[in-house]
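**Q** can you look at this prediction? I've put the sequence above it.
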Amino acid sequence: MAISKKAEEILNKQINAEFWSAYFYLSMSNYCNANGMPGFANWMKVQFQEETSHAMKMLDYINERGGRVILEPIAEVPAKWNGVLEIFEETLKHEELVTNLINACVNVAIEEKDHASVNFLQWFVDEQVEEEATVGEIIDQLKMFEGKGHGLYMMDKEFKARTFVDATQA
Ligand code: FEO
């Protein structure tokens, strides 16, 4: 059975939101690079790759269910912040928004009695819990040294090691 029209519509919107997120984090990555924080830049680049993989997972799903993917333009993203603490606070705010968007997708799938989509979206529900927790922990750590000094240097070093693992394929 093909995907319901309403589920197709909201998932298309979500693809755009995931690509916007990717672009948002890539912009943060560039900011970190320009401000002497290559490790944080790397962390955000991996975040960009994750968001791109989220968009692709949805895109593949719509195609698999006989729907039609329509790519919309990606709105402008911010380019300036006041240090990494602000970056991660904005990241958390953004991920909370994404959680709401994913929940709205689930609500539509439930209303449409599209059980395959409800099931598909569960992966994203779990992913959001993880993302919010990870970012929350980073904020707590950054607050301990007020987002600067030796602590920041050590964290930047640690974040250089983050690599992209495509969890959507697991
Ligand atoms: Fe695609 Fe950061 O959630």
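**A** Nice, I can see it.
**Q** in contact with whatever residue of the chain ends up closest to the ligand, which residues?
**A** Relative to the ligand, the nearest point of the chain is residue 54 (3.8 Å; CB to the nearest ligand atom). C-beta coordinates here come from the backbone N, C-alpha and C atoms, glycine included. Going by CB atoms under 8 Å, 6 or more residues apart in numbering, residue 54 touches 18, 21, 124, 127, 168.
**Q** within range of the ligand, give me the residues from the protein.
**A** 18, 21, 51, 54, 95, 98, 131 (CB under 6 Å from any ligand atom).
**Q** the same query, at a cut-off of 8 Å, please.
**A** 17-18, 21, 47, 50-51, 54-55, 94-95, 98, 102, 124, 127-128, 131 (CB under 8 Å from any ligand atom).
**Q** for residue 33, state which of the residues you listed is nearest.
**A** Ranked by distance to residue 33 (CB to CB), the residues of the chain next to the ligand are led by residue 47 at 13.7 Å.
**Q** what's the neighbour count on the closest one?
**A** Counted with other CB atoms under 10 Å, the neighbours of residue 47 add up to 23.
**Q** quick one, what contacts it?
**A** Contacts of residue 47 by CB under 8 Å, 6+ apart are 25, 28, 29, 91.
**Q** which strand or helix spans the first one?
**A** It refers to residue 25. helix 5-34 (DSSP states H and E).
**Q** show me what that helix is packed against.
**A** With contacts defined as 3 or more CB pairs under 8 Å, 6 or more residues apart in numbering; DSSP states H and E, helix 5-34 has these neighbours: helix 38-64, helix 84-111.
**Q** okay, those in CSV with mean pLDDT and distance to residue 9 next?
**A** Formatted as CSV, the helices and strands packed on helix 5-34 follow (pLDDT from 0 to 100; distance: least, CB to CB, whole Å):
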stretch, mean pLDDT, distance to residue 9
helix 38-64, 98, 10
helix 84-111, 98, 8
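**Q** point out the most buried one among the ones you listed.
**A** With neighbours taken as mean count of other CB atoms under 10 Å, the helices and strands packed on helix 5-34 reach their highest mean count in helix 38-64, at a mean of 20.
**Q** which of the contacts of residue 47 are buried?
**A** When those are checked for burial by 16 or more other CB atoms under 10 Å, the buried set is 25, 28, 29, 91.
**Q** my read: the second one touches residue 81, true?
**A** The one in question is residue 28. Yes. Residue 28 is within contact range of residue 81, at 7.1 Å (criterion: CB atoms under 8 Å).
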